[in-house]
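>>> Give the three-dimensional model of this entry:
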Amino acid sequence: MDRITFQHDTVLSEIHLLLPNARHLMARLNRVGQPVFISKFRILWDGESKDDDSAAKGVEEKEVRSGGDENETKANEKATGQEDVDPVLDEDGDLMVTRRPRKSIPEASDRDKVCPVILSQSSTVLQEDEEEEEEGQNEHRQCCKDIITIEHTMATPLEDVGKQVWRGAFLLADFILSHPVKFRGATVLELGGGTGLTSIAIATVAKTVYCTDIGEDLLCMCQRNITLNQNLLEPAGGEVRVRQLDWLQHDLCTDADVEFSWTEEEVADLYDNTSVIIAADVCYDDDLTDGFFRTLYHLCCNFSQPCVTYLSIEKRMNFTLRHMNVSCEAYNYFCRCLSQLQDLTDGRCTFRVEQVPTTFPQSLQYERIEQLELWKVTATPSQFNQVGSDSELFPS
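The predicted structure follows:
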């Protein structure tokens with residue numbers, strides 16, 4: 001397959017459209033025949049983005065100035081009559097244009113040479129591409145400590161959107177990288193981990209991360225991404241374990257014959273030590289939203305300690321025939337579920353919901369739009385609420 005075929009139900013993330021300088025190289029076909037691409041996302045540390053932007057603007061201004069000089073030269077040549085020659089026509093009478101030879105890029109230039117990527121099914125070409133990709137990965141592991149490498153798809157049906165990279169994942173990763181102290185040494189659970197990008201980001205500071213989702217093909221892709229980014233995880237000592245977690249099932253799968261199942265030790269560690277839950281842009285369908293909040297409630301009620309959940313979401317505008325207007329039905333349903341969660345009074349767990357301002361620094365290159373939001377849910381099991389009330393009644 002050498003190109004993406006768009007159907008009526010095809011969904012494409014804007015991340016890949018708004019990064020013209022990113023290299024998206026097709027790596028393979030997955031188990032269901034979808035093309036899998038590799039993209040590299042650079043982490044910009046401590047204001048580095050501003051310096052890069054300034055440098056880029058300087059390069060652009062230099063190019064504009066050089067372009068203007070060439071235009072002035074051409075204008076002078078035309079004024080002196082040097083270009084007053086008859087046009088050259090081919091045998092059909094069409095104008096033949098002599099193209100200016102392409103200038104070679106200086107060896108000392110910081111800019112990468114841009115070459116077209118031709119996708120081919122030739123075994124020889126594929127073998128050469130694999131060798132080049134392997135060499136690139138080795139160089140990446142040795143030299144680059146600020147690159148997140150992600151395998152992903154680009155255009156999928158709605159049920160496979162977890163295989164793509166979405167802006168909500170970048171927003172959540174930005175927050176994590178901007179507040180490392182909040183997550184240092186923590187045991188973290190990600191719900192709907194998808195490609196694993198946010199799990200990789202938080203594993204640079206956390207102790208153990210359980211990156212969960214469903215679908216064998218998706219989980220295999222996530223595991224490959226964890227392996228590709230060991231250069232980021234090993235220095236920090238963080239560990240990411242890819243596991244299956246179905247929001248429609250209350251129990252975790254512990255069948256050893258099932259790939260990505262849980263061990264009894266991992267289940268105990270999850271319930272005893274998890275203090276942070278993260279989820280990036282997982283509430284885009286009402287049924288999924290119901291399953292997500294049921295799972296979140298069930299987990300938090302059974303945890304041995306209070307837990308903080310960070311949820312990123314993109315408010316997507318859609319025109320609906322029911323309203324005959326633009327609306328955000330999925331987002332509105334998400335907000336209703338948040339409100340219901342906070343109003344629960346069953347005595348098992350209390351929830352406090354608050355929105356987090358998105359004014360923290362941007363560490364990854366994407367378009368942070370105003371429709372992106374980050375929410376914080378603090379869950380406190382009943383036994384801790386009881387301890388709090390007793391301490392108030394009998395102060396020390």
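>>> So for whichever helix or strand residue 290 is part of, what gets flagged as buried?
Using DSSP states H and E, residue 290 maps to helix 286-302. Using 16 or more other C-beta atoms under 10 Å as the test for burial, helix 286-302 gives 289, 291-293, 295-297, 299-300. No exception for glycine: its C-beta is placed from N, CA and C like everyone else's.
>>> With distance to residue 40 and pLDDT added, can I get those residues in a markdown table?
Shown next, in a markdown table, are those (distance: C-beta to C-beta, whole Å; pLDDT from 0 to 100):
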| residue | distance to residue 40 | pLDDT |
| --- | --- | --- |
| 289 | 32 | 96 |
| 291 | 33 | 96 |
| 292 | 30 | 97 |
| 293 | 35 | 97 |
| 295 | 32 | 97 |
| 296 | 32 | 97 |
| 297 | 38 | 96 |
| 299 | 33 | 96 |
| 300 | 36 | 96 |
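>>> ok, back up a step: show me the contact partners of whichever helix or strand comes after the helix holding residue 290.
Next in sequence after helix 286-302, counting helices and strands by DSSP H and E, comes strand 307-314. The contact list for strand 307-314 (C-beta atoms under 8 Å, 6 or more residues apart in numbering) reads 166-169, 171-172, 175, 274-283, 296, 299-300, 331, 334, 356, 369, 371-379.
>>> change it to 6 Å
If you take C-beta atoms under 6 Å, 6 or more residues apart in numbering as the criterion, strand 307-314 is touched by 167-168, 171-172, 275-281, 283, 300, 371-379.
>>> Enumerate every residue touching residue 305.
Contacts of residue 305 (C-beta under 6 Å, 6+ apart): none.
>>> no no, residue 192
Going by C-beta under 6 Å, 6+ apart, residue 192 touches 213, 279, 282.
>>> can you give me phi and psi for the first one?
Read that as residue 213. Main-chain torsions, residue 213, degrees, to the nearest 10: phi -170, psi -170.
>>> Quick check: beta-bridge partners of it?
Beta-bridge partners for residue 213, by DSSP bridges, are residue 244.
>>> now, among the contacts of residue 192, which is nearest to residue 383?
residue 279 (25.0 Å; C-beta to C-beta).
>>> ok, so what distance separates that closest one from residue 234?
26 Å (C-beta to C-beta, to the nearest Å).
>>> what about these two, which has more around it?
Neighbour totals were compared for residue 279 and residue 234, and residue 279 leads with 26 against 11 (other C-beta atoms under 10 Å).
>>> Wasn't the more buried one part of a helix?
No - Residue 279 is assigned strand when assessed by DSSP: H, G, I helix; E, B strand; the rest coil, not a helix.
>>> Now it. Nearest residue, chain neighbours left out?
In this structure, residue 279 finds its nearest non-sequential neighbour in residue 191, 4.5 Å apart by C-beta to C-beta, 6 or more residues apart in numbering.
>>> Just give the number of residues close to that neighbour.
Counted with other C-beta under 10 Å, residue 191 comes out at 22.
>>> these two touch, right, it and residue 278?
No - using C-beta atoms under 6 Å as the test, residue 191 is too far from residue 278 to be in contact (7.6 Å).
>>> Secondary structure element for the nearest residue in space to residue 302 that is not next to it in sequence, which one?
Distance criterion C-beta to C-beta, 6+ apart; nearest residue to residue 302, sequence neighbours excluded, is residue 271 at 5.7 Å. Under the criterion of DSSP H and E, residue 271 resides in helix 264-273.
>>> tally of neighbours for the spatially closest residue to residue 384 that is not a sequence neighbour?
Nearest non-adjacent residue to residue 384, counting by C-beta to C-beta, 6+ apart: residue 306, 5.9 Å away. Other residues near residue 306 come to 15 when the count uses other C-beta under 10 Å.
>>> Would you confirm that residue 306 contacts residue 383?
No - in this structure, residue 306 is not within contact of residue 383 by C-beta under 6 Å, at 10.2 Å.
>>> which residues are in contact with the helix holding residue 271?
Identification of contacts with helix 264-273 by C-beta under 6 Å, 6+ apart yields 187, 252, 302-304.
>>> let's see it at 8 Å
In contact with helix 264-273 (C-beta under 8 Å, 6+ apart) are residues 187, 189, 208, 210, 241, 243, 252, 254, 262, 302-305.
>>> Going by neighbour count, which of these are buried?
So, by 16+ other C-beta under 10 Å, the buried ones in the contacts of helix 264-273 are 187, 189, 208, 210, 241, 243, 252, 262, 303.
>>> three-state assignment of the second one?
Three states are possible here, and by three-state DSSP the one that applies to residue 189 is strand.
>>> and what of the fifth one?
Assigned with three-state DSSP, residue 241 falls in the strand class.
>>> And residue 32, how far from residue 166?
According to C-beta to C-beta, residue 32 stands 20 Å off from residue 166.
>>> Give the residue from these two that has the larger number of neighbours.
A count of neighbours by other C-beta under 10 Å puts residue 166 above the other of residue 32 and residue 166, at 24 against 11.
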